[in-house]
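Student: Give me coordinates for this.
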Amino acid sequence: MSREARIMMLHYITGLVIIVAGAIHLATVFLVSPYEESLRFDNTPWSVINVYRNSLLAGSLEALLLAVAFHGFNGLRVILLELHQGKTWTRAVNVAVTVAAIAVVINGTKTIFIASML
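Tutor: Take a look at the predicted model:
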């Protein structure tokens, strides 16, 4: 299996992970507690943060973040590689997309971590 074929296999797998992690996220938010309680917030800045103290919810958010970041940035990479071919272009696109994806994952993980620790 070539490198590109492995990357596309990961692309398909992350699509499935997005569906599963999204279902876990929605189930955690809306099915674990009564529906009215999950939508009730008391107009304080901490009311939303309290929702994210659930470790299952934080884990599903992290899985969603990783899967969506890889899936989305790999899709962008594929589109950019279809626009123009060449060794220099391919290397530049791969580096730019990787750096952008890492930046998004670091920022998202930091946000999830801070929200769960407050």
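Student: drop to CA atoms for contacts and neighbour counts, all remaining ones
Tutor: Noted.
Student: what about residue 53, how many residues close to it?
Tutor: As a burial measure, the neighbour count of residue 53 was computed by other Cα atoms under 10 Å and equals 16.
Student: State the mean pLDDT of the helix or strand residue 25 falls within.
Tutor: Following DSSP states H and E, the helix or strand that holds residue 25 is helix 3-30. Helix 3-30 shows a mean pLDDT of 88.
Student: The residue lying farthest from the centre of the chain and residue 54, how far apart?
Tutor: When each C-alpha in the chain is compared with the mean C-alpha position (Cα atoms, centre = their mean), residue 86 comes out farthest, at 29.8 Å. Using Cα to Cα, to the nearest Å, residue 86 is found at 47 Å from residue 54.
Student: cool, and residue 90?
Tutor: Using Cα to Cα, we find residue 90 at a distance of 41 Å from residue 54.
Student: The two: which has the busier surroundings?
Tutor: Comparing residue 90 with residue 54 by other Cα under 10 Å, the one with more neighbours is residue 90, at 17 against 13.
Student: follow-up on the earlier one: which other helices and strands contact the helix holding residue 25?
Tutor: Packing partners of helix 3-30 (3 or more Cα pairs under 8 Å, 6 or more residues apart in numbering; DSSP states H and E): helix 55-83.
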